[in-house]
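Colleague: Sharing a sequence plus its predicted fold:
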Amino acid sequence: MDQPGEKQHIFDKPRNVNRLLRVFYAICGLLFVLDFILHRHVYHSWENTPAFYAIFGFVACVALVLIAKEMRKVLMRKEDYYDVDE
Amino acid sequence: MWMSELPPFVPFFLAALLILVTRGWLRLAIMLATPVLGGAHLWLDVPAGTSLAVPILEYELALLRTDRLSLLFGYLFHIAAFIGVIFSLHVRDTMQQVSAMLYAGSALGAVFAGDFITLFIFWELLAISSVFLVWANRTDRAIRTGMRYLIIQVMSGVLLLAGALVHYYQTGSLAFEFIGLEGIGGWLIFIAFGIKCAFPFLHNWLTDAYPEATPTGTVFLSAFTTKVAVYALARGFPGTELLVYIGAVMTCFPIFYAVIENDLRRVLAYSMINQIGFMVCGVGIGTALALNGAVAHAFNDVIFKGLLFMTMGAVLYRTGNINGSDLGGMYKSMPKTALLCIVGASSISAFPLFSGFVSKSMVMTAMIEEGYNYLWLMLLFASAGVFHHAGIKIPYFAFFAHDAGIRTKEAPGNMLIAMSIAAILCIFIGSQPQYLYALLPWEVDYWPYDTTHVLAQLQLLFFSALAFVWLNKQGLYPPELHSVNIDAEWLYRKLLPKSAGFIRHGMQQLAHRLSNSQKGPLSRMRETLIRSSLTEYHLASHWPTGSMVLWIAVLLGGFLLLDAIY
């Protein structure tokens, strides 16, 4: 929500956000492809999986967030939880 | 040329005294000069192998013992103190200024301590001096939090002393060298270090107290206590395999909490445990590469975590709020702070060319070289996770996300300077790691920049970011909510008080029932007594009222005296 009369900031324009995202997707694609072009020195056989790190990073973060969301159901309390005696 | 045996804590303690008797620009000049001159002295005049022992009664306190390990932490603490002082130049609060100096001095005292008694003294001074940075908020909440913090920290010191005494009994030496987990003494010291190092279940003092300190206080807090503990572990327990497992758990569990935590400084506190986890792993592996990685990561962490805490402190200072749910769009008012925050975020996420990359990769490499394959996967998961919560969440929810409509000014000049120094160091160390590597204690030939590392790390980070973008677009990302999340602290903040209340209530009930059931027999006994011939005796016939009044007066006087003393 912008203040009236305020100048437009860079991410106020959806066009700029989309531009940024397109550049980001392009880099992701490039990194994915590079995995098949450049030679990686491998310590462990897991790393031979094509685009191992890319897949691992994506899956790890999705899992992290989805598990954390489930944790909220068990762990989340009101902000004053420790301040009041129930 | 100064004498090289001057223990580095002395200038800081002197400065704390001088702060009390000065004011205005002179006081600020003293605070700025102390870390600069002290650091220059340490760098130029103090070689490895210097020592100083001061005899007290029958005992010799080893106040100074330098080697490459303690010197590295010594340089680091001077840099941290310097940045912290600049960041807090606008603060006009004697209590905070004195305690910051004492706190930094205590940290230096602890890393240069050559024996357990000296270490214990500074270990406790760390606790006592730092709690004032929490109390300086002067709210009820801060005072209670500070109390919990102090109790846990002092407990760590007591364990350290007990362990040291047992260790002395077993080995006949109080020198602070390799300890190991042989015998009860080693274990006690291990747990003492573990508390300050925020081992799992012993970690909540950190996430409890750091977010409750003043905006500038947290910057000091984040630099010293935990890093002294990492230093102590690196000296006392290198190669202790248990640490690898503890460290791996430390890297993983806090990131879940960080994702759902609303207070952005608490997110950073959780992410701090995650980063210390990498260091603990490095110490546990115990190879030269791993130990170098651990201490190098401690070095970098102080700077980039300090930078992140500074940017959040600046936002808190300007807006009075640090909840992710209430912020957003701050880049419009504080663009420079936003940019500096992104530098800190890139460093903690270990982007190539930023400082985290050149130290974390050492621990990761050592981990897989030593064959800890599954733990290595955990650390890789944590690496992706740290980018997720500290690298993206912190800058995104504070400075971007939806515009919360808050309009304020850019951070004050001194804050911007302090943050810029930290940011420049992050980039400098990240892109020119040879200078940091040259300072590391162990001889290692390691270079992080090759195709393998850079490509792997970039893939990991960019696809983690892709996951964030995707989850956000799908509406799957958990929103920031006003809340607290139950952690191990629940045991002593909820269960313990509740069970104490429950037991007290039960006891009262029991006492009530007992007195009721005894009323009948007791009164009958009394009547029997009155009727008996015993009442004829002199002592029984009078209530000694006069002497009782006298004794009550003595007791009350005693209480008054005690009250006046404490």
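Modeller: In hand now; what should we look at?

Colleague: Contact partners for the most centrally placed residue in chain A?
Modeller: What sits nearest the mean C-alpha location of chain A, by CA atoms, centre = their mean, is A:C61, with 6.7 Å. Taking CB atoms under 8 Å, 6 or more residues apart in numbering or on different chains as the contact definition, A:C61 lies against B:384-385, B:387-388, B:463-464, B:467-468, B:471. For every residue, glycine as well, the C-beta is placed using N, CA and C.

Colleague: Can you read off the pLDDT for the closest residue to it other than its chain neighbours?
Modeller: Closest residue to A:C61 apart from its sequence neighbours, by CB to CB, 6 or more residues apart in numbering or on different chains: B:A467 at 3.6 Å. You'll see B:A467 listed with a pLDDT of 94.

Colleague: Which of the three states applies to B:A467?
Modeller: Classification of B:A467 using DSSP: H, G, I helix; E, B strand; the rest coil returns helix.

Colleague: How many neighbouring residues does it have?
Modeller: 25 (other CB atoms under 10 Å in any protein chain shown).

Colleague: Would you mind naming the helix or strand containing residue 16?
Modeller: You didn't pick a chain, so chain A it is. Secondary-structure assignment from DSSP states H and E places A:N16 in helix A:14-37.

Colleague: try again with chain B
Modeller: Under the criterion DSSP H and E, the helix or strand holding B:A16 is helix B:9-21.

Colleague: And for that helix, what's in contact with it?
Modeller: By CB under 8 Å, 6+ apart, the residues outside helix B:9-21 that reach it are B:27, B:30-31, B:34-35, B:37-38, B:41, B:81, B:94, B:97-98, B:101-102, B:104-106, B:108-109, B:112, B:122.

Colleague: Which among the residues you listed count as buried?
Modeller: B:27, B:30-31, B:34-35, B:38, B:41, B:81, B:97-98, B:101-102, B:104-106, B:108-109, B:112, B:122 (16 or more other CB atoms under 10 Å in any protein chain shown).

Colleague: sorry, back to before: and the helix holding B:A16, which residues are buried?
Modeller: Neighbour counts over helix B:9-21 (16+ other CB under 10 Å) mark B:9, B:11-13, B:15-16, B:18-19 as buried.

Colleague: Give the next helix or strand downstream of it.
Modeller: Counting by DSSP H and E, what follows helix B:9-21 is helix B:24-45.

Colleague: Mind giving me the packing neighbours of the helix or strand just after that next one?
Modeller: Scanning forward in sequence from helix B:24-45 by DSSP H and E, the next helix or strand is strand B:51-56. Applying 3 or more CB pairs under 8 Å, 6 or more residues apart in numbering or on different chains; DSSP states H and E, one finds that strand B:51-56 makes contact with strand B:59-65.

Colleague: same for the strand it packs on, what does it pack against?
Modeller: Secondary-structure packing of strand B:59-65 (3+ CB pairs under 8 Å, 6+ apart): strand B:51-56, helix B:116-135.

Colleague: mind giving me a markdown table with the ones you listed and columns for mean pLDDT?
Modeller: As requested, the helices and strands packed on strand B:59-65 are exported to a markdown table (pLDDT from 0 to 100):
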| stretch | mean pLDDT |
| --- | --- |
| strand B:51-56 | 89 |
| helix B:116-135 | 95 |
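
Colleague: among these, which is the most enclosed?
Modeller: Of all the helices and strands packed on strand B:59-65, helix B:116-135 carries the top mean neighbour count, a mean of 24, counting by mean count of other CB atoms under 10 Å in any protein chain shown.

Colleague: one step back: send the alpha carbons of the helix holding B:A16 over as PDB?
Modeller: This file holds the C-alpha atoms of helix B:9-21, laid out as PDB (Å, rounded to 0.1, in the frame of the first residue of the first chain):
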ATOM      1  CA  PHE B   9      41.400  -8.000  28.400                       C
ATOM      2  CA  VAL B  10      43.200  -5.300  30.400                       C
ATOM      3  CA  PRO B  11      42.600  -2.400  28.000                       C
ATOM      4  CA  PHE B  12      38.900  -3.200  27.800                       C
ATOM      5  CA  PHE B  13      38.500  -3.400  31.600                       C
ATOM      6  CA  LEU B  14      40.400  -0.100  31.900                       C
ATOM      7  CA  ALA B  15      38.100   1.400  29.300                       C
ATOM      8  CA  ALA B  16      35.100   0.300  31.200                       C
ATOM      9  CA  LEU B  17      36.400   2.100  34.200                       C
ATOM     10  CA  LEU B  18      37.200   5.200  32.200                       C
ATOM     11  CA  ILE B  19      33.700   5.200  30.700                       C
ATOM     12  CA  LEU B  20      32.300   5.700  34.200                       C
ATOM     13  CA  VAL B  21      34.300   8.900  34.800                       C
END
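
Colleague: Many thanks, we can stop here.
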